[in-house]
Every structure is written in structure tokens, then in C-alpha cells.
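Chemist: Could you work out the structure for the sequence below:
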Amino acid sequence: MKYLLMFLMIAMPYTAMAKDKSTLIYEPSLPLSLAQKMASACIAWQSKNKISNLAIAIFNQDAQLIYFIRMDGVSIGVSEVAMKKAESASKFRFSTRDTMGWIQGNPGVATFDSIAGIIGGLPISTQSGKPLGGIGVSGASADDDEKCAQAALDAVKLELVD
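Modeler: Residues are numbered from 1 along each chain as shown. Predicted coordinates for the structure are as follows:
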């Protein structure tokens, strides 16, 4: 009997913990098909507005590159800038126009490797605001880069659901 009581005293907390079932947390993610659709919309906007050829980078919510396209004649340096803009928008969840303001207000912020202070990067979120990643566009003027990225987001806004 003494051993049974000791066993119950030891086992009861574990039994109580076993009843508290954990559940998985669902986080929406950005599928490749949507990233491709975004890049296509950006290219269509670029063509319609007759601006310079572009590099387009799309990162997921984990700040990992999932889609990249470099149009003819675009340099590798411009490509790297597009990727930096997308990475920054994904990691910080703010536009690179906003992060540019951060850097101007505090130059020390520029020491962070993954922050971009060059206009043309936008965060990607669901309609309810859950982060999905970032898009970065480079190769034209800063404002045109940002407008192209916005055209990409506008093209898929109805599909950005939780």
C-alpha cells in the first residue's frame, strides 16, 4: 500500500499534464504559384509603363528566397539590390521606404546586414495582416520599383487569405 501511494503521488502530475493536449499552430505561407503570379504582374506593369528592365525577388515569411527573376540586361548588382529589398521587407515587415526613414533617423541602424534603406521593397501579408514575406524590385527609379512591387501585391490581394 505504501508503494502504491508513492506511485500515485509521482504519477498524478504527469497524468494531469497528459490531459493538456498541445495543438499545432497554423501559420499561412506563401506558395510558389502565388510568387510567380506576383512576378508576372510586376513584369506586366513594367511592360505597360515602358520602364527599365527589372530584377524581382520574392522571399517567404522566413526570409528565404522563393522566387527570383532577372530580366534581360539587368546587372547582377541590381539583382542583389532586389533581393536585399525583399529580404528586408520580409524580416522587418515594413516597406523599405519606411526602413530608409529609420536609417536616416539613426545611421547606426544601417549596420544591420538585412535592412535595406532603398525604396522598392514591400512586405507581403494576408488580408488579416499575417506576414507572408516580402517582394523587392530593382532596376528602374525607386518610385517605379515600389509601384511595380505594389502592382504585384494588388494582382494577388484576393488570394492572400489566412
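Chemist: residues of stretch 26-45 that come out buried?
Modeler: When neighbours are counted by 16 or more other C-beta atoms under 10 Å, the buried residues of stretch 26-45 are found to be 30, 34-35, 37-39, 41-43, 45. From N, CA and C alone the C-beta is placed, and that goes for glycine too.
Chemist: And the residues you listed, which is closest to residue 85?
Modeler: The nearest member of the buried residues of stretch 26-45 to residue 85, counting by C-beta to C-beta, is residue 42 at 12.5 Å.
Chemist: Model confidence at residue 8, what's the number?
Modeler: Note for residue 8: predicted pLDDT of 52.
Chemist: ok, now the one 4 residues further on?
Modeler: At residue 12, the pLDDT value in this model is 54.
Chemist: Quick check: chain neighbours aside, which residue is closest to residue 67?
Modeler: Spatial nearest neighbour of residue 67, chain neighbours left out: residue 35 (3.8 Å); criterion: C-beta to C-beta, 6 or more residues apart in numbering.
Chemist: didn't residue 153 look like it was pressed against residue 123?
Modeler: No: using C-beta atoms under 8 Å, residue 153 makes no contact with residue 123, being 9.1 Å away.
Chemist: More neighbours: these two, which one.
Modeler: Using other C-beta atoms under 10 Å as the criterion, residue 153 and residue 123 rank with residue 123 on top: 25 against 17.
Chemist: which strand of the protein spans the most residues?
Modeler: strand 131-138 (DSSP state E).
Chemist: tell me the angle the strand or helix carrying residue 153 makes with strand 131-138.
Modeler: For residue 153, the host element (DSSP states H and E) is helix 142-156. Using axes from the mean of the first three to the mean of the last three C-alpha atoms, to 10 degrees, one finds that helix 142-156 and strand 131-138 are set 140 degrees apart in direction.
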